[in-house]
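**Student:** here are the coordinates; sequence isn't available:
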Ligand SMILES: [Zn+2]
């Protein structure tokens, strides 16, 4: 009898543990900041992603102001910041508050220009993100994404896939962990033929986990299952920043 109880307890513990692992966003507090250049559909992307975050059990604070970064009470409790804010201006105080929070362990996740082309004058911000957009030769074009890290939980099990969107050419920090790449041809810029460019990466900034994907110019691009999956898994990884798991 005793053995059966121990065995049952073991099963319960294992299932508890897997439930926790299966739902990393449960009870996580997320600050979702959206705004900036409207061409990237920040509101539509926010409205698309927020229900999924809440379905996972996250508590989402939505903000259309960079002043949220200087809200000490809010920043003191958030686990993760999701930002989509293309080509804006951030004040020195806002940038300091954001970078300090991430350095101290708040996770940061974002995609495309909303994280990777946000504040062009702010090099400390770019140092934190790990890359800065510089061009998308040809505009919306057909291109492939290759999964280069097949073991990482963010890209595990995914295969090469196709996008019809902007292929981001970026200046990238060599210190990032590259998960997926894309290879340029010479159709729109002869000198970049065969250049292999990171598409998705993870990195640390201080104690904070930073996840970035250059995919998803607009909300329609999230309909590409792999692009959405990479974003979801990247968010999940970054949301566990404070736990350091
Ligand atoms: Zn774009």
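**Tutor:** Yes, it's here. Keep in mind the model is a prediction, meaning the values are calculated, not measured.
**Student:** from now on I want contacts and neighbour counts done on CA atoms only, so please keep to that.
**Tutor:** Fine.
**Student:** quick one: mean pLDDT over stretch 45-53.
**Tutor:** For stretch 45-53, mean pLDDT rounds to 98.
**Student:** can you give me how far it is from the chain middle?
**Tutor:** 13 Å (C-alpha atoms, centre = their mean, to the nearest Å).
**Student:** now stretch 185-201
**Tutor:** 22 Å.
**Student:** ok, residues contacting that stretch?
**Tutor:** 137-138, 145, 168-170, 172, 176-184, 211-215 (C-alpha atoms under 8 Å, 6 or more residues apart in numbering).
**Student:** just the buried ones from the residues you listed?
**Tutor:** Among these, those buried by neighbour count (16 or more other C-alpha atoms under 10 Å) are 137, 145, 168-170, 172, 176-184, 211-215.
**Student:** can you flag which of the residues you listed belong to helices?
**Tutor:** Among those, DSSP state H puts none in helices.
**Student:** surely residue 117 touches residue 86?
**Tutor:** Yes. With contact defined as C-alpha atoms under 8 Å, residue 117 counts as touching residue 86 (5.6 Å).
**Student:** shared neighbours of the two, anything?
**Tutor:** Going by C-alpha under 8 Å, 6+ apart, no residue sits against residue 117 while also sitting against residue 86.
**Student:** coming back round to it: strands - which of the contacts of stretch 185-201 land there?
**Tutor:** The strands, defined by DSSP state E, take in 145, 169-170, 172, 177-183, 211-213 from the contacts of stretch 185-201.
**Student:** nearest to residue 228, of those residues?
**Tutor:** Nearest to residue 228 among the ones in strands among the contacts of stretch 185-201: residue 213, at 10.0 Å, using C-alpha to C-alpha.
**Student:** which residues sit in contact with the closest one?
**Tutor:** Each residue near residue 213 by C-alpha under 8 Å, 6+ apart is listed here: 110-112, 199-201, 230-231.
**Student:** which one (most neighbours) among the residues you listed?
**Tutor:** residue 200 (28 neighbours; other C-alpha atoms under 10 Å).
**Student:** ok, residue 231 to residue 156 distance?
**Tutor:** According to C-alpha to C-alpha, to the nearest Å, residue 231 stands 13 Å off from residue 156.
**Student:** what ranges does this protein have for its strands?
**Tutor:** Under DSSP E, the chain gives strands at 29-36, 59-63, 80-86, 107-111, 131-135, 140-147, 161-166, 169-172, 177-183, 196-205, 208-213.
**Student:** make TSV out of these and add distance to residue 93.
**Tutor:** Listed next are the strands of the chain as TSV, based on distance: least, C-alpha to C-alpha, whole Å:
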stretch	distance to residue 93
strand 29-36	16
strand 59-63	17
strand 80-86	17
strand 107-111	18
strand 131-135	21
strand 140-147	36
strand 161-166	32
strand 169-172	25
strand 177-183	29
strand 196-205	18
strand 208-213	19
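**Student:** with distance to residue 122 and mean pLDDT added, can I get the ones you listed in CSV?
**Tutor:** Shown next, in CSV, are the strands of the chain (distance: least, C-alpha to C-alpha, whole Å; pLDDT from 0 to 100):
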stretch, distance to residue 122, mean pLDDT
strand 29-36, 15, 98
strand 59-63, 21, 98
strand 80-86, 13, 98
strand 107-111, 17, 98
strand 131-135, 10, 98
strand 140-147, 27, 98
strand 161-166, 23, 98
strand 169-172, 14, 98
strand 177-183, 22, 98
strand 196-205, 15, 98
strand 208-213, 17, 98
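**Student:** could you report the neighbour count for residue 121?
**Tutor:** Counted with other C-alpha under 10 Å, residues neighbouring residue 121 total 12.
**Student:** with adjacent residues omitted, what lies nearest to it?
**Tutor:** residue 89 (7.9 Å; C-alpha to C-alpha, 6 or more residues apart in numbering).
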